[in-house]
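1. What follows is a predicted protein model with its sequence.
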Amino acid sequence: MKAMILAAGFGKRLQPLTLKRAKPAIPVMNVPLILHNLKFIKRNGINEAVINLHYLPDSIKNIVGDGSRFGMDITYSYETEIMGTAGGLKKAEEFLKNSTFIMVNSDTLLDFDLQDAIRFHRENNSIATMALTDVNDGEEYGPVEVDKNSRVKNILGKVKYNGKPLHRKVFVGVHILESRIFDIIPSGGFYEINAQVYPMLIEKGEKVLGYYLSGYWNDVGTLKRYLKVHNEIFQNKIPFIKKKYEVENYQTGENCTITGGNVDLKFAVLGENCQVGNNTAITESVVMDNVKIGSSVRMKMAIIDNGVYIDDGMVIENSVVYMDAKGERKIVTIGD
């Protein structure tokens, strides 16, 4: 079986982190998000994948390469203009056709039994199956509504439905698809699978199903959620990552130097080649590569991008610090 990883988007909700890199190149526990996604499909038995690229493509390709160093076969589909989820899928048809395949968003962390979802899809002869989980009222996601037989009846409010009450779920970014879906996607333009293809299939009476996953899912698509997922790792809520990195209260990359004493790190991630001065406290924060942090710094709920210098005595809370295109340090507040 083959997979497609959707990685062409601009990642606007994660700016300024995405000003110089594509969203899937952003690290989670010092490992790029795209590698977490590829490891997810590999541990579920899928070794071949196509990744669609548009925005800052080299930031992804330089990380992944041809996939051989982690036992996978990776190819790329380049989009000169952004084509949407279905448009990008159609462009990769030659790689994916003639078999069941999966498509995965690149801004999620996942750990569930994908092979069980594939069995469910095949046993029910579905053209498309969406991996779903329960709604968290504290987050805003587009709703997917299913009936008692797990058939998707409404998605994003795009389908007229007057039947019995439905179960409201959240889509986790994993599709299982049959290649005949290519027959209804137009070529050469922008097209969305959730907003356009699935409503069309549902209205035609095609079987689009929802598979309720038992496992972990988190959308890392905003700065607030990006910090949240790191906190959950430290709280042992994401065991498939915690076991790998053996984290305790903090995680440091290679050649990270902590000078002096009285340095307090709690739920903090430090990237490669970082320096931290004495009498500094870093809490619930992510510090990326090549960052120099002075003495007597107080940092909480902060993201420090590559190559930033933090002066002695600075207090940074609920903010992102980064270097702009002119090489000037900028600080922006993290919103909702």
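-> Great, that's in hand. Numbers count the residues shown, from 1 in each chain.

2. any weak-confidence spans in the chain?
-> Applying pLDDT under 70 to the chain picks out residues 135-140, 157, 160-165, 242-247, 336.

3. Swap in 80 and give it another go.
-> For the chain, applying pLDDT under 80 flags the ranges 135-142, 156-166, 239-248, 260, 336.

4. what domains does the record give for it?
-> Domain ranges of the chain: 2-223, 245-333, per the TED database.

5. Reformat these as JSON lines; add mean neighbour count and distance to residue 232.
-> (C-beta placed from N, C-alpha, C; glycine too.) Shown next, in JSON lines, are the domains of the chain (neighbours: other C-beta atoms under 10 Å; distance: least, C-beta to C-beta, whole Å):
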{"stretch": "domain 2-223", "mean neighbour count": "18", "distance to residue 232": "7"}
{"stretch": "domain 245-333", "mean neighbour count": "17", "distance to residue 232": "10"}
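
6. Turn the ones you listed into JSON lines, including distance to residue 239.
-> Listed next are the domains of the chain as JSON lines, based on distance: least, C-beta to C-beta, whole Å:
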{"stretch": "domain 2-223", "distance to residue 239": "8"}
{"stretch": "domain 245-333", "distance to residue 239": "11"}
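
7. Of those domains, which is nearest residue 230?
-> domain 245-333 (5.8 Å; C-beta to C-beta).

8. Show me the helices in the protein, by range?
-> Counting by DSSP state H, the chain has these helices, from start to end: 33-43, 58-64, 84-91, 93-96, 114-123, 198-203, 223-234, 239-245.

9. Including distance to residue 309, could those go into TSV?
-> TSV is the format used below for those (distance: least, C-beta to C-beta, whole Å):
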stretch	distance to residue 309
helix 33-43	26
helix 58-64	23
helix 84-91	39
helix 93-96	44
helix 114-123	43
helix 198-203	48
helix 223-234	21
helix 239-245	27
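
10. quick one: which of those is nearest residue 256?
-> Among those, helix 239-245 sits nearest to residue 256 (C-beta to C-beta), with 13.9 Å.

11. for the residue nearest to residue 152 when sequence neighbours are not counted, what are its contacts?
-> Among residues not flanking residue 152 along the chain, residue 208 sits closest, at 4.4 Å (C-beta to C-beta, 6 or more residues apart in numbering). Residues in contact with residue 208, defined by C-beta atoms under 8 Å, 6 or more residues apart in numbering, are 126-130, 151-152, 198, 201-202.

12. Same question for residue 111.
-> 40, 215-217, 238, 240.

13. which of the residues you listed lies closest to residue 91?
-> Distances from residue 91 to the contacts of residue 111, taken by C-beta to C-beta, are shortest for residue 40, at 23.1 Å.

14. now the closest residue to that closest one other than its chain neighbours, which residues is it bridged with?
-> Distance criterion C-beta to C-beta, 6+ apart; nearest residue to residue 40, sequence neighbours excluded, is residue 110 at 4.9 Å. Note on residue 110: beta-bridge partners by DSSP bridges are residue 217.

15. so residue 110 sits right up against residue 37, yeah?
-> Yes. Assessed by C-beta atoms under 8 Å, residue 110 is found in contact with residue 37 at 7.4 Å.

16. Can you work out which residues contact both of those two?
-> With C-beta under 8 Å, 6+ apart as the test, residue 110 and residue 37 both reach residue 104.

17. Strands along the stretch 201-336 of the chain, start to end?
-> Here the stretch 201-336 of the chain has its strands, by DSSP state E, counting those that start in this stretch, at 208-212, 216-219, 250-252, 257-258, 264-270, 275-276, 281-287, 292-293, 298-304, 309-310, 315-323, 329-333.

18. Tabulate those (JSON lines), appending distance to residue 228.
-> Output for the strands of the stretch 201-336 of the chain, formatted as JSON lines (distance: least, C-beta to C-beta, whole Å):
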{"stretch": "strand 208-212", "distance to residue 228": "23"}
{"stretch": "strand 216-219", "distance to residue 228": "8"}
{"stretch": "strand 250-252", "distance to residue 228": "16"}
{"stretch": "strand 257-258", "distance to residue 228": "25"}
{"stretch": "strand 264-270", "distance to residue 228": "11"}
{"stretch": "strand 275-276", "distance to residue 228": "23"}
{"stretch": "strand 281-287", "distance to residue 228": "9"}
{"stretch": "strand 292-293", "distance to residue 228": "22"}
{"stretch": "strand 298-304", "distance to residue 228": "10"}
{"stretch": "strand 309-310", "distance to residue 228": "22"}
{"stretch": "strand 315-323", "distance to residue 228": "13"}
{"stretch": "strand 329-333", "distance to residue 228": "16"}
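
19. Of these, give the one that comes closest to residue 178.
-> The nearest among the strands of the stretch 201-336 of the chain, by C-beta to C-beta, is strand 208-212 at 10.9 Å.
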